[in-house]
Structure formats: structure tokens, C-alpha cells
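Visitor: Provided below are the primary sequence and the corresponding predicted coordinates.
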Amino acid sequence: MSTGKFIAGCVVGAVVGAVAGILLAPQSGEETREDIKDLSREVVDKTDRKVKELQEKAENLISDIQNRGEELVNKLQNMVQREQG
């Protein structure tokens, strides 16, 4: 399972659980709407943080792969030069 799918599943599960808890709680409609609004903001904030975190990890991974590729190309060029020289 990919990390993205796992995080998405966690977010969906948390939202469903929180909404169910809010809707089943004995309180007024106004309080319920306020709770849902607060929950929505919280989910958006958490999702934004996770997306940024995943983007940063992906950028680091891409950078690492590029660096390793450049190292490999340099090694191969050196080997070819030694064989020709």
C-alpha cells in the first residue's frame, strides 16, 4: 500500500468518525454546524500539512535520484575514457 493511499484512508476515516460523532451528539443545530465548520478547517489544515510533507519527501527523493544518476554517468564516462586512453 502506498503512503498516499494510507494517509488518504486515515483522513477519510477520521472525517467519517468525527462527523458521525458530531451528528449523534445531543446539541443544538447551531452548535453542530459550528462543530462541523471547525472540523472542516482542521481537516483542511491537516491535509495541507500532509501534502506539503509528501511533496518535500518526493522532492528530496527526486534530488537524490538525480544525484545518483549524475554520479553513475560520471563513473561510466571515466571508465570509457580509461578504456580509450
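Guide: Arrived safely, thanks for sending.
Visitor: quick one: buried residues of the lowest-mean-pLDDT helix or strand in the chain?
Guide: One helix or strand of the chain scores below all others by mean pLDDT, DSSP states H and E: helix 3-24, with a mean of 78. For helix 3-24, burial by neighbour count (16 or more other Cβ atoms under 10 Å) applies to 7, 15, 18, 22. Where you see a C-beta, it was placed from the backbone N, CA and C, and this is true even at glycine.
Visitor: likewise stretch 68-84?
Guide: Judged by neighbour count (16+ other Cβ under 10 Å), stretch 68-84 contains no buried residues.
Visitor: run the chain-centre distance for that stretch.
Guide: Computed by Cα atoms, centre = their mean, to the nearest Å, the separation of stretch 68-84 from the middle of its chain amounts to 36 Å.
Visitor: neighbouring contacts of the least confident helix or strand of the chain?
Guide: 32, 35-36, 39, 43, 46-47, 50, 54 (Cβ atoms under 8 Å, 6 or more residues apart in numbering).
Visitor: looking at the buried residues of helix 3-24, which is nearest residue 76?
Guide: Each of the buried residues of helix 3-24 was scored against residue 76 by Cβ to Cβ, and residue 7 proved nearest at 38.1 Å.
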